[in-house]
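Asker: Turn this into a structure:
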Amino acid sequence: MTTATETLEHHDDDHHDHKMTGIKRWLYTTNHKDIGSLYLWFSFIMFLTGGAMAMVIRAELFQPGLQIIEPDFFNQMTTVHGLIMVFGAIMPAFTGLANWMLPMMIGAPDMALPRLNNWSFWILPFAFAILLSSLFMESGGPNFGWTFYAPLSTTYSNGSTAFFVFAVHIMGISSIMGAINIVVTIMNLRAPGMTYMKMPLFVWTFFITAYLLIAVMPVLAGTVTMVLTDTYFGTSFFNAAGGGDPVMFQHIFWFFGHPEVYIMILPAFGIVSTIIPAFARKPLFGYSSMVYATSSIAFLSFIVWAHHMFTTGMPLAGELFFMYCTMLIAVPTGVKVFNWVATMWQGSMTFETPMLFSIAFVILFTIGGFSGLMLAMTPVDFQYHDTYFVVAHFHYVLVTGSLFSIFAGAYYWLPKWTGHMYSEKLGKLHFWCSLISVNLLFFPMHFLGLAGMPRRIPDYALQFADFNKWVSIGGFAFGLSQLIFLVVVIKCIKGGEKAPAKPWDGAEGLEWEVPSPAPYHTFSTPPEIK
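Answerer: Sure, this is the predicted structure:
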C-alpha cells in the first residue's frame, strides 16, 4: 500500500513528465507569472495599436484643412484610440503587474483562482478583435467618442454599435473577474503574520482598485446594454421623444467613468510608492497616511461624477456640490505627493531608469492634477469644457501618470522577471526621449484649449496651426521613442548581464521584508485573517 506522500510524489512526477510546452503552455497556463507576462505583452501590443491611431489623428491635425482622412474616419480613430488605450493598454498592464508581483509580495503560492485568471486574460484578445474588426466593416467602426454619448451612440450611430457593445461587455467581464481574483488572493492568501497594515503599498492600491472595478464595471455593462436596446430594440432610455433623457446617459456613464479614471491611476501610486523608497534608500514616509489617502480618493471618486457635466444645465446646488467634492480630492492626492517628496528628502538617491520615470511621474502627474483643479471650478469649466485643455489635462494624468508608472515598474522588475539586467544606457535614452516628446506633445494643448480649440475635430481655424504642428511633431517623436522600450525588453529577455539577487544595491530589501511563502500544503485552509 502506498502512503499519501508517495502518491503525491508520483503525481508530481507525472505532472513534470507532461509539462506543456510551446503554444499550449500559454493557452492553458494557470501560473500567475505566465499570465502576468501575457497581460503585459498584450497591453504593449494594444498600446502600439492605439498609438498608431493617435498618429493618424496627429497627422491629420498637422496643418489646417482636410489632408488624409475623412471626418467620419477621424471620429472612428478618436473613439477606438480612447477605448484601446483605456481598456486595452493601461488596465491590462496594471493587471499584468498585479498578477506578477502580488502573490510574491504577500507570500502566496499563486493567485487564489488560477483558472479564472487564465480565462479573464484569454477573453481579452477576442474583445479587441471584435472592436477592431468593426473598422473594416461597411458601416465603419464606432464614431461617437470613447464616452459614446447618446444620441450619438443610439439614434445617429452606424451599424457597428452592436459589435462595440459586445466588445465592451467582454472587457468588463474580464476586468470584474480579474478584480475578484485580486481581492480573494489578498484576503485569503497572505503569509501568516502579514496583517493589512503590513502589506506593501503596491498591494494596498491594487486591493482598493479591485473594489472600485467590482463596483463600477456593472454600471458600464448597464449603460452599454441600454444603448444596445435603444439602438436595436425600440426602447427609449435616452430618447426624449419616447420619454427618456439623453442627459441621464451622461449621469450613468460618468458614475462609471469617474471611478474608472482612478482605477487607472491608483495602481500607479502603488508602483511609485515601491520604487521611490528603494532608490532613496529610505522607508516610505507616512505609510498609514498613504493607505488612508488612497481609500479617501477611492471613496470621493464616487461622488464627483457630474463635474464632467457642468455645461448640461444642473441646478446651482448640484454644481456647488460637485465642485467642492472634486476640489476635495486634491487633498488626499496632495498628501501622497508630499509623502513621495518627503521620502526622497535627504535620501541617498541614485537615478536609475525606474527612479527617473518615478520622479517624472510625480512632477508631471502634479501638473495634470493642477489642470484638474482648474477644471473642477464650475464657472471656469464653462470656458474649458470640450476644448483641448481637457485633452491636455487627462493625457497628463494618463500618459505621464499611468503610463510612466508602468514603464517605471517594468524597468524596476525586469531583472526579477528575466534574470538579466536591461541596458541602462538604452533605458535612459528611452526616458529622455519620452520625457521631452511627451511634453512637446501635451503641454501646448493647454494653450490651444485656452484659446478655444474644440476637441474631436478633424479641421481647425488657421490661428491654431503653429501649436498643432509642434504637438504633432511631439506626438510622432513620442510614438517612435516607445520602440526603444521594445528593444530594451527584447534584449533583456534574450540575455545580457546576469541580475544579482538584489539588483538595486540592497534597496529592494526595504519594500520586500515579506515572510517567506509557506509550502503549498499549508494553504488547504486559508491563514487566519488578522
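
Asker: and His420, what are its phi and psi?
Answerer: Backbone torsions of His420, given as degrees, to the nearest 10, read phi -120, psi 150.

Asker: That one and Lys491: what is the separation?
Answerer: Using Cβ to Cβ, to the nearest Å, His420 is found at 8 Å from Lys491. (Each C-beta comes from the backbone N, C-alpha and C, glycine too.)

Asker: Among these two, which residue is more densely surrounded?
Answerer: A side-by-side neighbour count of His420 and Lys491, using other Cβ atoms under 10 Å, places His420 first with 18 against 15.

Asker: Using PDB, write out every CA atom in stretch 370-386.
Answerer: Extracted in PDB, the C-alpha atoms of stretch 370-386 (Å, rounded to 0.1, in the frame of the first residue of the first chain):
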ATOM      1  CA  PHE A 370      -3.400  71.300 -11.200                       C
ATOM      2  CA  SER A 371      -5.200  71.400 -14.500                       C
ATOM      3  CA  GLY A 372      -7.800  69.100 -13.000                       C
ATOM      4  CA  LEU A 373      -8.300  71.500 -10.100                       C
ATOM      5  CA  MET A 374      -8.900  74.300 -12.700                       C
ATOM      6  CA  LEU A 375     -11.500  72.100 -14.500                       C
ATOM      7  CA  ALA A 376     -13.200  71.500 -11.100                       C
ATOM      8  CA  MET A 377     -14.200  75.100 -10.800                       C
ATOM      9  CA  THR A 378     -17.700  75.300 -12.300                       C
ATOM     10  CA  PRO A 379     -17.600  78.900 -13.700                       C
ATOM     11  CA  VAL A 380     -14.100  78.400 -15.200                       C
ATOM     12  CA  ASP A 381     -15.100  75.000 -16.600                       C
ATOM     13  CA  PHE A 382     -17.700  76.700 -18.900                       C
ATOM     14  CA  GLN A 383     -14.700  78.000 -20.900                       C
ATOM     15  CA  TYR A 384     -12.500  74.900 -20.700                       C
ATOM     16  CA  HIS A 385     -15.200  72.300 -21.400                       C
ATOM     17  CA  ASP A 386     -14.800  70.200 -24.600                       C
END
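
Asker: now that stretch, how far from the centre of its chain.
Answerer: Averaging C-alpha positions (Cα atoms, centre = their mean, to the nearest Å) puts stretch 370-386 24 Å from its chain's average.

Asker: Can you give me the buried ones in it?
Answerer: Ser371, Gly372, Leu373, Met374, Leu375, Ala376, Thr378, Asp381, Tyr384, His385 (16 or more other Cβ atoms under 10 Å).

Asker: buried ones in the helix or strand where Gly222 lies?
Answerer: Using DSSP states H and E, Gly222 sits within helix 201-232. Within helix 201-232, the residues that qualify as buried by neighbour count (16+ other Cβ under 10 Å) are 201-217, 219-221, 223-224, 226-228, 230-231.

Asker: and what of stretch 30-45?
Answerer: Asn31, His32, Asp34, Ile35, Gly36, Ser37, Leu38, Tyr39, Leu40, Phe42, Ser43, Phe44.

Asker: Cross the residues you listed against strands and list the overlap.
Answerer: Among the buried residues of stretch 30-45, DSSP state E puts none in strands.

Asker: so who does the closest residue to Ala240 other than its chain neighbours touch?
Answerer: Once flanking residues are discounted, Ala240 sits nearest to Pro246: 6.4 Å by Cβ to Cβ, 6 or more residues apart in numbering. Going by Cβ atoms under 8 Å, 6 or more residues apart in numbering, Pro246 touches Tyr149, Ala150, Pro151, Phe238, Asn239, Ala240.

Asker: Among those, which one sits closest to Ala278?
Answerer: Tyr149 (43.4 Å; Cβ to Cβ).

Asker: Run through the residues that contact the closest one.
Answerer: With contact set as Cβ under 8 Å, 6+ apart, Tyr149 has these partners: Pro246, Phe249, Gln250, Phe253.

Asker: Name the member of those with the shortest distance to Ser133.
Answerer: Nearest to Ser133 among the contacts of Tyr149: Phe253, at 24.2 Å, using Cβ to Cβ.

Asker: now that closest one, what's its secondary structure?
Answerer: The three-state label given to Phe253 by DSSP: H, G, I helix; E, B strand; the rest coil is helix.

Asker: Geometric centre of the protein: which residue is closest?
Answerer: Nearest residue to the geometric centre of the chain (Cα atoms, centre = their mean): Ile90, 3.0 Å.

Asker: Wait, it touches Ile406, no?
Answerer: Yes. With contact defined as Cβ atoms under 8 Å, Ile90 counts as touching Ile406 (7.4 Å).

Asker: quick check, Gly193 in a strand?
Answerer: No. Read with three-state DSSP, Gly193 is coil and lies in no strand.

Asker: so what's it scoring on pLDDT?
Answerer: Looking at Gly193, its pLDDT is 95.

Asker: got it, and Met20?
Answerer: We have a pLDDT of 82 for Met20.

Asker: How is it assigned, secondary-structure-wise?
Answerer: At Met20 the chain is in coil, as set by three-state DSSP.

Asker: Give me the neighbour count for the closest residue to it other than its chain neighbours.
Answerer: Excluding the flanking residues, the one nearest Met20 by Cβ to Cβ, 6+ apart is Tyr28, at 6.0 Å. Tyr28 is flanked by 13 other residues according to other Cβ under 10 Å.

Asker: if I read this right, Tyr28 contacts Asn118, doesn't it?
Answerer: Yes. Using Cβ under 8 Å, Tyr28 is in contact with Asn118, at 7.1 Å.

Asker: quick revisit: tell me the one of the contacts of Tyr149 nearest Thr326?
Answerer: Set against Thr326, the nearest of the contacts of Tyr149 by Cβ to Cβ is Gln250 (15.8 Å).

Asker: List the contacts of that closest one.
Answerer: Applying Cβ under 8 Å, 6+ apart to Gln250 gives the contacts Tyr149, His308, Met309, Thr312.

Asker: What of Ser423?
Answerer: The neighbourhood of Ser423, defined by Cβ under 8 Å, 6+ apart, consists of Val488, Lys491, Cys492, Gly496.

Asker: Check which helices and strands the helix or strand where Pro332 lies sits against.
Answerer: Secondary structure from DSSP H and E places Pro332 in helix 316-344. The contact analysis (3 or more Cβ pairs under 8 Å, 6 or more residues apart in numbering; DSSP states H and E) places helix 316-344 against helix 266-280, helix 287-300, helix 353-376, helix 378-384.

Asker: Could you list every helix and strand in contact with the second one?
Answerer: Which is helix 287-300. helix 201-232, helix 246-263, helix 266-280, helix 316-344.

Asker: Report the buried residues of stretch 22-29.
Answerer: For stretch 22-29, the neighbour count (16+ other Cβ under 10 Å) marks Trp26, Thr29 as buried.

Asker: Show residues contacting that stretch.
Answerer: For stretch 22-29, the external contacting residues (Cβ under 8 Å, 6+ apart) are Met20, Asp34, Ile35, Leu38, Asn118, Trp122.

Asker: Also stretch 433-448?
Answerer: In contact with stretch 433-448 (Cβ under 8 Å, 6+ apart) are residues 360, 364, 371, 387-389, 391-392, 395-396, 399-400, 404, 407, 464, 467-468, 470-471, 473-475, 477-478, 480-482, 484.

Asker: Can you tell me which of the contacts of Gln250 are buried?
Answerer: With neighbours counted by 16+ other Cβ under 10 Å, those contain buried members at Tyr149, His308, Met309.

Asker: If any of the contacts of stretch 433-448 are buried, give me the PyMOL selection for them.
Answerer: Restricted to buried positions by 16+ other Cβ under 10 Å, the PyMOL selection for the contacts of stretch 433-448 reads:
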select buried, resi 360+364+371+387+388+389+391+392+395+396+399+400+404+407+464+467+468+471+474+475+477+478+481+482+484
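
Asker: secondary structure class for Met314?
Answerer: Secondary structure for Met314, judged by three-state DSSP, is coil.

Asker: Number of residues surrounding it?
Answerer: By other Cβ under 10 Å, the residues close to Met314 number 16.
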